[in-house]
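S.K.: Generate a structure from the sequence data that follows.
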Amino acid sequence: MSDQATQKETRGFQTEVSKLLHLMIHSLYSNPEIFLRELISNASDAADKLRFEALSQPQLLEGDSELKIWIDVDKDANTITLRDNGIGMSRQEVIDNLGTIARSGTSEFIKNLSGDQKKDAQLIGQFGVGFYSSFVVAERVEVLTRRAGLSAAEGVKWESGGEGEFSVESVEKTDRGTTIILHLRPTQTEFSDSFRLKNIIHKYAEHIAIPVCMHSENWKEDGEREVGDYEVVNKASALWTRPRNEISDDDYKAFYQHISHDFDEPLSWSHNKVEGNLEYTSLLYIPKRAPQDLYHRDGVRGLKLYVQRVFIMDDAEQFLPMYLRFAKGIVDSNDLPLNVSRELLQSGKVVDSMKSALTRRLLDMLTQMAENKPEDYAVCWAQFGQVLKEGVAEDHANQDKVLKLLRFASTHTTDSIQSVSLADYVGRMKEGQDKIYYITADSWTAASQSPHLEVFRKKGVEVLLLSDRLDEWLMSHLTQFEGKSFQHVAKGDLDLGKLSSEEDKQAEEKLQQESQSLVERLKKVLGDKVEAVKATQRLTDSPACLVRSQYDLGVALRQMLEASGQKLPESKPTLEINPQHPLLARMAGTADDGRFENLALIVLDQATLAEGSALADPAGYVKRINGLLGELA
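M.R.: Predicted coordinates for the structure are as follows:
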């Protein structure tokens, strides 16, 4: 080993880590006891990683295969010592893992910290920076560690006061694993009490699959405390292997918080054992809050995978489709070989069968929640609705199930909350209605105020209001629901089917005949700015609107694709006018061609703005409006 590798060196924290530590230490932290849960979880992960690596390198166990966590309290010294015999860390791993947290998305984490206790605590869990919660209770932290397989001389000591610097030096460490010594702050002496720590362990680490040991204590008649041998404090058995009737709701919730590092309780869970051609146990959870990287499709996701209770990997993404990436849980299989690798998991009939079954089970969980606990499902949809929509295109086998889970705003709701299911809509359809009508826009306000809705409001026909960025893409993958086709109300000819009476049709024919001269005059003025001009009964209050081709891209999707640099084919809308509107009636009687042209361009620009599109000549529009206002002044 080189002299440089053995010497003690002092390093500065990555700038963002220093900021994080300062915020955590000096802000009011609502639940400081969480530090113990985080350290125990990290030690449990270290044991899991050792088990996995020892499958191919049994020498890493160094003759000690009984993995445990030990916790000691020294009330006089005001310290807590947590020790494990897991995988441990090398010098470089110590520097990488304890001096930087780039893998945890530090910039985004810092940006979201606010001083709000509850919110910040949730973020700690979401970003996986639990080790740093040690500094909430400790004024100084020492870490002694040696990676399994390295020599005793390659032990490492890391030390920091949680301010700007940390030191790293090589030390002699005969046993593998990691020891963490917390020198408690004078204000946190409550945690130097072993009874207090045991209660925290029962609360947060009861069901991790590794023993957590502390000294037993007895009180003599003279009041002295007698410290005995180590005893296991937690149950130390994998929760998912126990019968469901022996597991309480609190047990399930605590286990979720252990595997997810989430401070919230889950919305729902499902514990299931499959026997037959395949044998495996799954425990799936639906979180209450979306992680920060939910929309990063290449982010960390997946279930914890065990094979015959041996931990294999943290993020086995092969068992759930991408659109269910928010789910948490574990899967323990007897049918995957113990030497399973990430490459082998990428394909195969066993994995595919398990993925299909786990996907159906998770969709069933969501369906049951939607039916039996609509308030919980409203929370779920608000957090994960956007990614669930991806399933419509990505999972044709389960498309019907996904469709029933979708929620929308509509003209029958009073706000932007998405609470209307497709089944709700179909159940409220008017007699003779054979289509599901919808409109897309870049905001709920724009959708709800669109002139295209006027005739539907007049007839009392419900229209779905779609304003998420994904919605235009979503609807391009939908053809029908329960035999009802979908119709964009701003695309193609207005087709109300049996909702239009014979009188309506005759009135429209008459309207078109009477307004023919106005239509031709507008077409001449507007020229190639529009595909066509036509009179319509689509409108009741507005003077005009733009209608796109049935197969044209919607405005929102077009804008999104153009912003990404894609060149799209030119598309011209049809201008549909309401000849009975006072403005159009006045234009029809205007003999001044210059004035008529100004009014025609104003009508077109207003229809363009109502559609949500940008004006080609906003300055010209303002000039024409100012001129019109000047005449009225």
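S.K.: quick one: pLDDT of Ser104?
M.R.: At Ser104, the model reports a pLDDT of 39.
S.K.: What's the local residue count around Glu508?
M.R.: By other Cβ atoms under 10 Å, 16 other residues sit near Glu508. C-betas here are computed from N, CA, C, even on glycine.
S.K.: excluding its backbone neighbours, what's nearest it?
M.R.: Nearest residue to Glu508, sequence neighbours excluded (Cβ to Cβ, 6 or more residues apart in numbering): Gln537, at 4.9 Å.
S.K.: List the residues that contact the one you found.
M.R.: Contacts for Gln537 (Cβ atoms under 8 Å, 6 or more residues apart in numbering) come out as Val455, Leu494, Asp504, Ala507, Glu508, Leu511.
S.K.: of those, buried ones?
M.R.: For the contacts of Gln537, a burial check counting by 16 or more other Cβ atoms under 10 Å picks out Val455, Leu494, Glu508, Leu511.
S.K.: Closest to Glu472 out of the contacts of Gln537?
M.R.: Set against Glu472, the nearest of the contacts of Gln537 by Cβ to Cβ is Leu494 (19.8 Å).
S.K.: Pretty sure the closest one sits against Thr536.
M.R.: Yes. In this structure Leu494 lies within contact range of Thr536 using Cβ atoms under 8 Å: 6.7 Å.
S.K.: buried residues in stretch 268-276?
M.R.: Across stretch 268-276, burial judged by 16+ other Cβ under 10 Å covers Ser268, Trp269, Ser270, His271, Val274.
S.K.: Please report phi then psi for the third one.
M.R.: Here is the backbone geometry of Ser270 (degrees, to the nearest 10): phi -140, psi 120.
S.K.: The second one too?
M.R.: Recorded main-chain torsions at Trp269 are phi -150, psi 160, according to degrees, to the nearest 10.
S.K.: how many other residues sit next to the closest residue to it other than its chain neighbours?
M.R.: The shortest distance from Trp269 to any non-neighbouring residue, by Cβ to Cβ, 6+ apart, is to Tyr285 (4.7 Å). By the other Cβ under 10 Å criterion, the neighbourhood of Tyr285 contains 28 residues.
S.K.: Where does the closest residue to Ser160 other than its chain neighbours sit, in terms of helix or strand?
M.R.: Take Ser160 and drop its neighbours on the chain: the residue closest to it by Cβ to Cβ, 6+ apart is Phe166, 3.6 Å away. Secondary-structure element containing Phe166, defined by DSSP states H and E: strand 165-171.
S.K.: In its sheet, which strands sit next to that strand, and in what direction?
M.R.: When sheet partners are counted by DSSP bridges, strand 165-171 sits next to strand 9-12 (antiparallel), strand 155-160 (antiparallel).
S.K.: Most tightly packed of these?
M.R.: Comparing these by mean neighbour count (mean count of other Cβ atoms under 10 Å), strand 155-160 ranks first with a mean of 22.
S.K.: neighbouring contacts of that one?
M.R.: Strand 155-160 has contacts (Cβ under 8 Å, 6+ apart) with 13, 89-91, 94, 98, 140-146, 166-173.
S.K.: hmm, try it at 6 Å
M.R.: Contacts with strand 155-160, where a contact means Cβ atoms under 6 Å, 6 or more residues apart in numbering, come from 91, 94, 98, 141-146, 166-169, 171-173.
S.K.: quick check, distance from that strand to the centre of its chain.
M.R.: Between the centre of strand 155-160 and the centre of its chain there are 36 Å (Cα atoms, centre = their mean, to the nearest Å).
S.K.: what's the answer for stretch 422-437, then?
M.R.: Here the centre of stretch 422-437 is set off from its chain's centre by 31 Å, with Cα atoms, centre = their mean.
S.K.: go on, stretch 139-148?
M.R.: How far stretch 139-148 lies from its chain's middle: 34 Å, per Cα atoms, centre = their mean.
S.K.: how about the strands in the stretch 401-550 of the chain?
M.R.: When assigned using DSSP state E, counting those that start in this stretch, the strands of the stretch 401-550 of the chain occupy the ranges 409-410, 435-440, 464-466, 480-481, 484-488, 532-535, 544-547.
S.K.: what's the following helix or strand after the last one?
M.R.: Remark: after strand 544-547, the chain's next helix or strand is helix 555-563, criterion DSSP H and E.
S.K.: That following helix vs strand 435-440, what angle?
M.R.: Interaxial angle, helix 555-563 versus strand 435-440 (axes from the mean of the first three to the mean of the last three Cα atoms, to 10 degrees): 40 degrees.
S.K.: For helix 555-563, list every residue counted as buried.
M.R.: Buried residues in helix 555-563, counted by 16+ other Cβ under 10 Å: Val555, Ala556, Leu557, Arg558, Gln559, Met560.
S.K.: Cheers, nothing more for now.
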